[in-house]
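**Q** pasting a predicted model and its sequence here:
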Amino acid sequence: MNIKPKFLAPGDNSWQEDKVDIDAHVSTQFVYNGNHSLSIDLQRKRLPIYKLRNHIIYSLEKYQTLVLVGETGCGKSTQIPQYLVEAGWASDDKIIGITEPRRVAATSLANRVADERNCILGTDVGYAIRFDDCTDNTTKIKYLTEGILLREMMGDPLLTNYSVIILDEVHERTMLTDIIMGLLKKILRKRKSLRVIVSSATVDAEELRDFFNTNQSSKSRDKDTATILSVAGRLYPIEILYTVESLANYVNAVVETAIKINESEGPGDILAFLTGMDEVDRAVSLLAEHAKIVKEGQLKLMPLPIYGSLPNSEQLKVFWKTSNDSRKVVIATNIAETSITIPNITYVIDCGFVKLPWFDAETQTNSLIIAPISKASADQRAGRAGRTRSGKAYRLYTEQAFKELIDATPPEMQRSDLAPAVLQLKALGIDNVLRFSFPSSPPSKSLLSALELLYALGAINDNGELSNPLGLMMAEIPLDPVFAKCIITSGEMGCSEEITTILAMMQVQNVFIRPNSGQAAIKARIAHRMFEVEEGDLLTLLNVYTAYEKNKTNHWCQKYFINSKAMKRVTEIRIQMRKLIKKLQIPMKSCSVTVEGILKCITSGLFPHAAYLHYSGVYKTVRGNKDLYIHPNSCLYTLEQPQWILFGEILQTNKTYMRELTVIKPEWLVELAPHFYQKTAID
DNA sequence: GAGCACTGC
């Protein structure tokens, strides 16, 4: 039968360390403070938001939901929680929660507000992120990541601890923001005392108000339950400049514009946006060439790259202050649009494009597409120039082209795999996800394929209900459904030790340090080869952790080009998973018999991600017809192509690449997932 | 021979 089935000191620890977080203690990242010589009280009163203080408090008496529009830096995220406490919203043991999409934002905002209120962090003002709950029973203002709030909902579906929930950065429309908004809409109906403040940029304010408003008759506005408030303008004006004609090459244009600014404009650092690492590196080297010739009376150009996969120590250079005779030119990917705020930028250059992840439900493929940015994104980029003084934004496209841009980037929900989201919603009692009120409905095709996958994994039954105990358990595990399934079966298959380790390793990016050139690149390659096995990347990761656990020193990590900070995080995640396994009463066992046990266990969860070697020499999935390739970073890349493999994910860039591979035997698919593979096995 | 950015009891 043929089956087709914290802040590093400059120079400290050098390039080995990867990005962990640009540390929370750099408060300059988030908070504009031009009034630093004033008392804290006076400073607070000078913020643009202060004028709205009474209006906000009054509106919150009348309306259940407030959509608050205002630009970053106006003080929304730091001041509103304090106004609410001062107005008595934190009495009766209730607290005020502020969600942030990123961990650094949650911790640094909490730090800042604790400072302003002159209290110890973790008492009156606290934060909660994964592995770090810095709150106590007196906490009144709590900054938390969106993921944490969602987890809290699982234990307390009506969020009874909170009097007010503030959703920050809603314009980013992350997957979690949208899920939380949908759920809050339901909670608001049941808890009339709860208030929600949605903090956003302008574009979607009306849409969001209408979403939360329960008054459907537009004639009697006085019965509305939601309203919009706007915080006036920005601190400093930004002049926007467009090109006269559209350009052929935006990388060259970025370089030329930077040079032109240096020749004709006053002092001030430049921030340029490009789409990816390649472009950034190219622009940096072109500028570095030019920087060698310093014309008289001109500042020396100091080009600096910044992108996610850049080692931490290199990333930190963009925060260094330049000397008086030079001008910093930071060339960035989208990381500088939201995640990293570089201080003192006067000029912004915007290429007008972005790399956007796009999920195709039909082929179950994630792609990175280069797409024109949205108007909101263009304004966000421009806004990076006017944080400490007035600035200029050079848009490398025509004004007409700007007008033709879409208003906002489609919410993540509309372009992602929804299986994790649907599992969470089911666990929160949303039986019919197709009828759930999303702020923006996702494509029904994506919802259906998510349901299909969850059904195949056994997380939901024939009636579409969460299965008990499998589905319920899967929802409790903070991993993608396919991996959650692996953990659960690992108990029965006697390899939970190994599986938890592998999955903990997979949660962390950049475990391997791969210098891109020179002697170090070769050394790293040789060192990494020590861990590689023909069974694939997942087993290789297991080897890395096992070896690390015996040594656990920075010296060892350096020697083998392993990222020690990443490994420390793996250790934390692993401990957390082991606790969870205990709670779920999954037996903790080690597979002393064979590796086959582990491989089979991986198959029991990852079976929907199987691919076989087609006679044409490329891989195909059993269902789809797309040509698939082994990613060059996989340990299998240099080996003879195995007949059958499982992949962790597929990402389409220049080619469609499979990553995080495991070599399997096809009969395991039929054995472990007969409902999924038996029909196609006839061939 | 390749890498937008985030997140989780």
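**A** Received it, and whenever you're ready, just let me know what you need. Residues are numbered from 1 along each chain as shown, chains lettered A, B, ... in the order given.
**Q** for DNA strand B, what is the nearest residue in chain A?
**A** residue A:147 (2.3 Å; C-beta to the nearest atom of the strand). Any C-beta I mention is one placed from the backbone N, CA and C, and that applies to glycine too.
**Q** can you tell me the closest non-neighbouring residue to that residue?
**A** residue A:176 (6.1 Å; C-beta to C-beta, 6 or more residues apart in numbering).
**Q** wait, what's in contact with the one you found?
**A** A:101, A:146, A:147, A:150 (C-beta atoms under 8 Å, 6 or more residues apart in numbering).
**Q** how about 7 Å then?
**A** Residues counted as contacts of residue A:176 (C-beta atoms under 7 Å, 6 or more residues apart in numbering) are A:146, A:147, A:150.
**Q** with residue A:332 instead?
**A** A:271, A:272, A:273, A:280, A:306, A:307.
**Q** likewise residue A:70?
**A** Residue A:70 neighbours (C-beta under 7 Å, 6+ apart): A:49, A:76, A:230, A:231.
**Q** what parts of the stretch 501-650 of chain A come near DNA strand B?
**A** Contact residues (C-beta under 7 Å from any atom of the strand) of the stretch 501-650 of chain A with DNA strand B: A:507, A:514, A:516, A:525, A:576, A:580, A:631, A:632, A:633.
**Q** out of those residues, which is most surrounded?
**A** Most neighbours among those, by other C-beta atoms under 10 Å: residue A:631, with 22 neighbours.
**Q** OK, contacts around that one?
**A** If you count contacts by C-beta under 7 Å, 6+ apart, residue A:631 has them with A:657, A:658, A:659.
**Q** let me have those residues in CSV, extended by distance to residue A:292, secondary structure and neighbour count.
**A** What follows is these, written out as CSV (distance: C-beta to C-beta, whole Å; DSSP: H, G, I helix; E, B strand; the rest coil; neighbours: other C-beta atoms under 10 Å):
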residue, distance to residue A:292, secondary structure, neighbour count
A:657, 38, strand, 18
A:658, 43, strand, 22
A:659, 39, strand, 15
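**Q** between those, which is nearest residue A:68?
**A** residue A:659 (40.2 Å; C-beta to C-beta).
**Q** picking that back up, just the residues of the stretch 501-650 of chain A next to DNA strand B: which has the poorest pLDDT?
**A** Within these, residue A:516 has the lowest pLDDT, namely 77.
**Q** where does that one sit: helix, strand or coil?
**A** coil (DSSP: H, G, I helix; E, B strand; the rest coil).
**Q** beyond the helix or strand bottoming out on mean pLDDT in chain A, next helix or strand please.
**A** Here the helix or strand of chain A ranked lowest by mean pLDDT, DSSP states H and E is helix A:40-46, holding a mean of 71. Proceeding N to C from helix A:40-46, the next assigned helix or strand is helix A:53-62, under DSSP states H and E.
**Q** ok, and what's touching the helix or strand just after that next one?
**A** Using DSSP H and E, the helix or strand that follows helix A:53-62 towards the C-terminus is strand A:65-69. With contacts defined as C-beta under 7 Å, 6+ apart, strand A:65-69 is touched by A:56, A:59-60, A:76, A:188, A:196-202, A:205, A:208-209, A:212, A:225-231.
**Q** narrow those to those in strands?
**A** Members of the contacts of strand A:65-69 lying in strands (criterion: DSSP state E): A:196, A:197, A:198, A:199, A:200, A:226, A:227, A:228, A:229, A:230.
**Q** what residues are up against the fifth one?
**A** Same thing as residue A:200. Residue A:200 neighbours (C-beta under 7 Å, 6+ apart): A:67, A:69, A:170, A:171, A:208.
**Q** got these as a markdown table, with pLDDT and neighbour count columns?
**A** Below are these laid out as a markdown table (pLDDT from 0 to 100; neighbours: other C-beta atoms under 10 Å):
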| residue | pLDDT | neighbour count |
| --- | --- | --- |
| A:67 | 94 | 27 |
| A:69 | 90 | 21 |
| A:170 | 92 | 25 |
| A:171 | 90 | 24 |
| A:208 | 92 | 23 |
